[in-house]
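> Output the structure for:
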Amino acid sequence: MSDRLAVLPQYLMPKRALTTLAGRFASARLGGLTTAVIRRFVARYNVNMAEAANPDIASYPSFNDFFTRALKPGLRPLASADLICPVDGTISQLGRIEKDLIFQAKGHHYSTTALVGGDAALAARFDHGHFATLYLSPRDYHRIHMPCAGRLTRMVHVPGALFSVNPTTARGVPGLFARNERVVCVFESDHGPFVLVLVGATIVGSMATVWHGQVNPPRTGQLRQWNYAAGQVSLQQGEEMGRFLLGSTVVMLFPQGPLQFNHDWAAERPIQLGEAMARRSGR
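Presented below is the predicted three-dimensional model:
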């Protein structure tokens, strides 16, 4: 079956209603039922609870508490690198931005302008730059950390669809990451601007940042934006910046310049928080 045929049911299913129901269940405290669902989820997706700061499945009052569980302290040491991997997951794609086009999968590209919610001036800062798309599967740790130190300047909640973001859907749905609901976080660093985009998906109940808390819901259908004064939100390399309540994808944009990704990085390679992602050539 082709990827396009495989994703056809997603066009027909009530994705928003399913996501709303899943979000309500995930936040509910249902005692033994919650524990049973978590136990089934751990078995189904082979979640490594030995890495969790709290490995006791029965101690999580809600599914969201389990899903956003912390890791044991020191489990993901930070590499000595200009840019470190911000998540546990798998590389979807990475490389150069061709003028303003980002490679999604064979036969599919999407524009930086579409990804950041239609802001052409912001998108132009990344023309001929670099991107990395990182997929978080259900079994992964779902907190997102900073690839380098950064000063937040803007956050944008872009309404959109709620397709799955797994590899099959990435191959079968054109413009997937610029089509789904997303939270665009714009930072300045000592090496220039960068953007970190949290992409929503089917059953993703919400996305949250450490400075704002839960961004969605509400889902108003309107683009929402927040601006931050200099020094209002500054985060260090490796510091937590946000989390998904039921998994998804992170897309990062970096400007044109001498950036070299880790030679070991390639599409479909598993990755872990804290490993070397890229260096600035000449350093």
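
> first to last residue in stretch 261-278, what's the distance?
End-to-end distance for stretch 261-278: 4 Å, by Cα to Cα, to the nearest Å.

> Could you list everything residue 186 pairs with in the sheet?
residue 154, residue 195 (DSSP bridges).

> can you count the residues close to it?
Applying other Cβ atoms under 10 Å, we find 23 residues neighbouring residue 186. Every C-beta, even on glycine, is put in place using the N, C-alpha and C of the backbone.

> Quick check, it in contact with residue 151.
No. Residue 186 lies out of contact with residue 151 (Cβ atoms under 8 Å); the separation is 9.9 Å.

> tell me the contacts of residue 253?
Residue 253 sits next to 97, 112, 115-116, 126, 129-131, 194-195, 197 when contact means Cβ atoms under 8 Å, 6 or more residues apart in numbering.

> host element of it?
Using DSSP states H and E, residue 253 falls within strand 249-254.

> Following element in sequence after that strand, please.
Toward the C-terminal end, the helix or strand that comes next after strand 249-254 (DSSP H and E) is strand 259-261.

> Report the buried residues of that next one.
By neighbour count with 16 or more other Cβ atoms under 10 Å, strand 259-261 contains the buried residues 259, 261.

> Quick check: which helices or strands does the helix or strand following that strand pack against?
The C-terminal neighbour of strand 259-261 among helices and strands, as given by DSSP H and E, is strand 270-271. On a contact count with 3 or more Cβ pairs under 8 Å, 6 or more residues apart in numbering; DSSP states H and E, strand 270-271 meets strand 89-96.

> Give the next helix or strand downstream of the strand it packs on.
Of the helices and strands lying after strand 89-96 in sequence (DSSP H and E), the nearest is strand 101-105.
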